[in-house]
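Colleague: Fold the stuff below for me.
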Amino acid sequence: MRNIMKSINILVLTPIVIFVFLITSILSIVLYPNYSNVRIYIETTNLNTTASMEDNIDNNATIIDTSNDETAGFDCSIKRVDFETTCRLRIQISDSKTKGMDLSSFNSLNIYGNFIAPSNDDFLRISLRNYEPTVKSEIEEARYKFNLTEVQVSELTQPIKINFDRLIVPNWWMVQVSDQNIISEVDFTNVPYIEVTTANQNSAGNYTLRVSAIEFQKQIFTIEKLYEYLLISWAILFLIIFITITIYLGLKIKQKFNNERVLLEINQSLSNRSEKLEIAHKTDELTSVLNRNGMKDKMLECLSNNWFPMSAVMIDIDFFKKVNDELGHQKGDEVLINLGKILIDFTQNNESISRYGGEEFILLLPNSTIKTIEARLEQLRITVQDGDLGSGYSITASFGAATALKKSEFNSLVERADKALYEAKNNGRNCVKYAQ
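Modeller: Purely as a prediction, here's the structure:
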């Protein structure tokens, strides 16, 4: 457990978990209507539907057209409304006529199909026929209790949705059975049939009763229950998060104290190493003066501090190739090292010396002009000439100096100093030349 909590950043994971839980809660509420209901879907066919007429006078109602491949049902015609004549479409929803479906836990019914009447003021009657075996009647049809409702044509939707709380047991059926033991309340415990009929006293004319499917729905849990579950889930989630964060922070604090000394040692070691690497990156390995990287940093420092006027001096050892050829490269390196020491001793304040390449060095002298450094450079030339650089004989150097009075002249400073050095070499070497 501890290893798991150490490897996972709980403080980062917590808002992610809360966000996912929030999205889940929102989706639960949004999708509640789709997933809170259980559905039973029954397609109607010619095998489970029966079209018939209830006609008190012969030929007052006729069947015009029967069902097709898409919907079960029929078209009928009622000629007069003086009599209780209806068109009836009976749909069997169970295998047995006396052992029907228990729909007591369902709360709504959807009827997919088409119902057309002569007038929008006419009504469609929907009946769930519940089989009542205890009814004392010689007529078998009387044992099927009517749980019905009527819907005006103008109010019909597609599909036709009937809530079971709208269904009632009509008085005329209670009178018909005349049985004191029969309860007058609706009952859906044994429903083998559903009937779609025209209502009594509807308009005369042509009717269409066609049904493609029937769907029963029941609610698994209410929206109030969903809110209750979500509230409990959120409370448990926050409790778990609180406990987890408490343990996590405790482990982190303990780990911090245990590792503090090690981290300080590592930081110090890294700091020292970084400093050494920085120095090595900017320092010439042979002479210990700055290399080109160090020189660039010094130039940027001078520019950022606006140390003008600024002078640059290019220094080149005279006939250095002769030293390497006659005495060897090891002696040549010794000469370069000793010259580097002389040049380092020469610099002061913000001045710097860097090895430009081979036997060439550059002195960068901020806040100075040729006039202010002229005597110093001459003294430096004599020091090199008279000093023992390790060759066993006198070695001289040529100097080329240039000055930038402002930033716009800085880019050409080294180039002008290099030209002055070239002039010093052409003028017999071992001298100082100044760029005009």
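
Colleague: Strands of the stretch 251-400 of the chain, residue ranges please.
Modeller: All strands of the stretch 251-400 of the chain, identified by DSSP state E, counting those that start in this stretch, fall at 310-317, 352-357, 360-366, 397-404.

Colleague: In a markdown table: the ones you listed, plus mean neighbour count and mean pLDDT.
Modeller: Yep, even glycine has a C-beta here, placed from its N, CA and C like the rest. Shown next, in a markdown table, are the strands of the stretch 251-400 of the chain (neighbours: other CB atoms under 10 Å; pLDDT from 0 to 100):
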| stretch | mean neighbour count | mean pLDDT |
| --- | --- | --- |
| strand 310-317 | 25 | 96 |
| strand 352-357 | 22 | 94 |
| strand 360-366 | 24 | 96 |
| strand 397-404 | 25 | 96 |
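
Colleague: now those as a markdown table including distance to Phe19?
Modeller: As requested, the strands of the stretch 251-400 of the chain are arranged in a markdown table below (distance: least, CB to CB, whole Å):
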| stretch | distance to Phe19 |
| --- | --- |
| strand 310-317 | 59 |
| strand 352-357 | 57 |
| strand 360-366 | 58 |
| strand 397-404 | 60 |
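
Colleague: For the protein, identify the residue most remote from the centre.
Modeller: Taking CA atoms, centre = their mean, the residue of the chain most remote from its mean C-alpha position is Tyr393, at 76.6 Å.

Colleague: from memory Ser354 sits against Asp284, does it?
Modeller: Yes: Ser354 is within contact range of Asp284, at 7.3 Å (criterion: CB atoms under 8 Å).

Colleague: Now do the shared contacts for the two.
Modeller: Leu290, Asn291 (CB atoms under 8 Å, 6 or more residues apart in numbering).

Colleague: quick check: longest strand of the chain.
Modeller: strand 205-219 (DSSP state E).

Colleague: now it: mean pLDDT?
Modeller: What strand 205-219 shows for mean pLDDT is 90.

Colleague: Then stretch 420-428?
Modeller: 95.

Colleague: Stretch 294-308 too?
Modeller: 93.

Colleague: Could you do stretch 320-335 as well?
Modeller: For stretch 320-335, the per-residue pLDDT averages 93.

Colleague: now swap in stretch 13-32 and tell me
Modeller: 86.

Colleague: repeat for stretch 49-64
Modeller: Mean predicted lDDT for stretch 49-64 stands at 78.

Colleague: what about it, how long is it end to end?
Modeller: 17 Å (CA to CA, to the nearest Å).

Colleague: where does Gln219 sit relative to Leu226, distance-wise?
Modeller: 11 Å (CB to CB, to the nearest Å).
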